[in-house]
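> Have a look; sequence and predicted model below, questions after that.
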Amino acid sequence: MPKARSHFLILGSLVGLGGLVVLGAVVFFLGNAWFGLPVNAQAPVQPIAFPHTVHAGTEASGGVGIDCTFCHRNVDKGPTATVPSVQQCMFCHSKITGAGSASPTAETEITKLRDASAAGEPVNWIRVHRLPDHVQFVHDVHITYLMANPGKIVNVTPVINPDGTADAGQTCSTCHGDVAKMAAVQQVRALKMGDCVDCHRQNNAYTDCAACHY
Amino acid sequence: MVSTPRERKWQMVVDMDRCTGCQACVVACQVENNIPINSESHYQQGRAMQWIRIERYWEGEFPNVKARFIPFLCQQCNNAPCEPVCPVFATYHNNEGLNVQVYNRCVGTRFCANNCPYHARSFNFWEPVWPEAMRNQLNPDVTVRSRGIMEKCTFCIQRIRRAELDAKREGREVRDGDFQPACAQACPTSALVFGDSKDPASRVNEAAKSSRRFRLREELGTEPNVIYLSKVDPEARGAAGHA
């Protein structure tokens, strides 16, 4: 084989191999983005290791059973659920210091919160559930619907009131999973447009693009 | 539970006799809808972003010249020429009579803007930027459009949605005057009237009955949902011998 020709073959195969690697990376990235959950959706490490199990978990499972709406105060009143301010945490934690707790980390973690409160600084929680900016989601109307139709609630068995409705705090699991059993919150449902639209179709809700995109 | 609201058709009446060309609507729109700030060079390139603009023209010969103003916004046409040309259905008509632009669907072909006889659409030729001090004034109810996206007046759909939700929370229908778009709210002379034309008692219906009524480029058959009321000009009519 002439020398120039073999050079050409080697060069060509190298370019081909490089191309394959690039193609593979592109396919992997696209597949991961398409089928996977967004960044930060899988239990990111929060600045304070806040256990929902202790706060929202049932008393039987070692929690104190606080209703979701006690801390996420706006969730059944407006579009955003809101994360409580440090002052709100201090309603309880001005007294509960974690000293003498069965959990070895409780005191260190609660001290971080009390230090933040003393310094007047907010806690920079990492957002777990995040929809793209071009989607306008409103919490309270979804909650109101599920309160009136507790049969649609999934992931937990809701406590149903005598009049056939459920309390607001019983509805959250439908999209967020059983947060009361999560030591670190993670996203359980895809929360992509197909997910929204499927549910809207099943419940005869608005499927106009401009219902959510504006 | 009823999920589809009462059938609506949003309309606006622009009374040119009241318009003083003050540009309050333009500023209000810019702020409400997170529209990027235009520079002089943007205008020179014909790439300024405006959902509502005041067109100025002159009437008469010097020295009897009169400045005339006409607010231009998306006419929300019933037969919108922008809609059939979109290859990805990013602009369509919804059941409220709105010509909707879906930002996340738009691929930026600009066919719609080229087909709009009112020059009502603006294209994001650049990634929008605001001065650092103005970041926190962005409206959280409105998507910030990125580069390569077509946009236009939405009749402040975020306010429509908000009014609908407020009404739903109170267990009633949206009432006339519950809300108005930013331009109408800012107008000091109430030249802009907005409302549901399917509501027989709405102010917009009342205003649209005027004999001064006309629509822009009606001959094109676009059936706009913005109705203009022509200028009352006693002098001009006197000169023409109608008075």
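Nice, I can see it.

> Need the residue closest to the centroid of the chain.
Answering for chain A, as no chain was given. A:His129 (3.4 Å; CA atoms, centre = their mean).

> The intended chain is chain B.
So for chain B, CA atoms, centre = their mean, it's B:Leu73, sitting 3.7 Å from the centre.

> Now that residue, what are its backbone angles?
phi -150, psi 180 (degrees, to the nearest 10).

> Touching, it and B:Ala182? I think so.
No - contact between B:Leu73 and B:Ala182 fails when scored by CB atoms under 8 Å: they sit 11.2 Å apart. (Glycine included, C-beta is placed from N, CA and C.)

> How many residues are close by B:Gly171?
6 (other CB atoms under 10 Å in any protein chain shown).

> That one and chain A, how far apart?
10 Å (CB to the nearest CB, to the nearest Å).

> cool, B:Asp17 as well?
From B:Asp17 to chain A the distance is 32 Å (CB to the nearest CB).

> so where does the residue nearest to the centre of chain A fall, helix or strand?
A:His129 belongs to no helix or strand when assigned by DSSP states H and E.

> List the residues that contact B:Phe179.
By CB atoms under 8 Å, 6 or more residues apart in numbering or on different chains, B:Phe179 lies in contact with B:156, B:159-160, B:162-163.

> Show me what stretch A:107-126 is in contact with.
For stretch A:107-126, using CB under 8 Å, 6+ apart, the contacting residues are A:40, A:44-50, A:83, A:85-87, A:89-90, A:93-94, A:96-99, A:101.

> typo on my end, it should be stretch B:158-176
Contacts of stretch B:158-176 (CB under 8 Å, 6+ apart): A:79, A:136, A:138, A:140-141, A:144, A:211, A:214, B:5-6, B:8, B:10, B:96, B:139, B:141-142, B:178-182, B:195-196, B:199, B:201-204.

> Look up which residues are beta-bridged to B:Asn99.
Beta-bridge partners for B:Asn99, by DSSP bridges, are B:His93.

> in chain B, which spans are helices?
B:24-32, B:40-44, B:111-114, B:157-169, B:182-186, B:203-208, B:234-240 (DSSP state H).

> Kindly compare burial across these and name the winner.
helix B:182-186 (a mean of 21; mean count of other CB atoms under 10 Å in any protein chain shown).

> Now look at it and say if it contacts chain A.
No - Helix B:182-186 stays clear of chain A (CB under 8 Å from any CB of the partner chain), getting no nearer than 13.8 Å.

> From the contact counts, what lies against that helix?
helix B:24-32, strand B:192-196 (3 or more CB pairs under 8 Å, 6 or more residues apart in numbering or on different chains; DSSP states H and E).

> Tell me where chain B is predicted with low confidence.
B:1-6, B:235-243 (pLDDT under 70).

> near chain A, which residues of it?
B:1, B:3-4, B:92, B:94-95, B:98, B:100, B:102-105, B:141-144, B:154, B:157-158, B:161, B:165, B:168-169.

> Can you verify my assumption that B:Trp10 contacts B:Lys198?
No - when contacts are counted by CB under 8 Å, B:Trp10 is not listed as touching B:Lys198 (9.2 Å).

> Look at the two and report which has more neighbours.
Neighbours per residue, other CB under 10 Å: of B:Trp10 and B:Lys198, the larger number sits with B:Trp10, 20 against 15.

> can you pull the contacts of B:Arg121?
Taking CB under 8 Å, 6+ apart, one finds B:74, B:82, B:112-113, B:150-152 in contact with B:Arg121.

> And for B:Cys22?
Each residue near B:Cys22 by CB under 8 Å, 6+ apart is listed here: B:Pro188.

> Quick one: the helices in chain A, in order.
Ranges of helices in chain A, per DSSP H, are A:3-35, A:52-56, A:68-71, A:86-93, A:106-119, A:139-148, A:173-176, A:193-202.

> export these to a markdown table and tack on mean pLDDT?
Output for the helices of chain A, formatted as a markdown table (pLDDT from 0 to 100):
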| stretch | mean pLDDT |
| --- | --- |
| helix A:3-35 | 89 |
| helix A:52-56 | 93 |
| helix A:68-71 | 94 |
| helix A:86-93 | 95 |
| helix A:106-119 | 95 |
| helix A:139-148 | 94 |
| helix A:173-176 | 94 |
| helix A:193-202 | 94 |
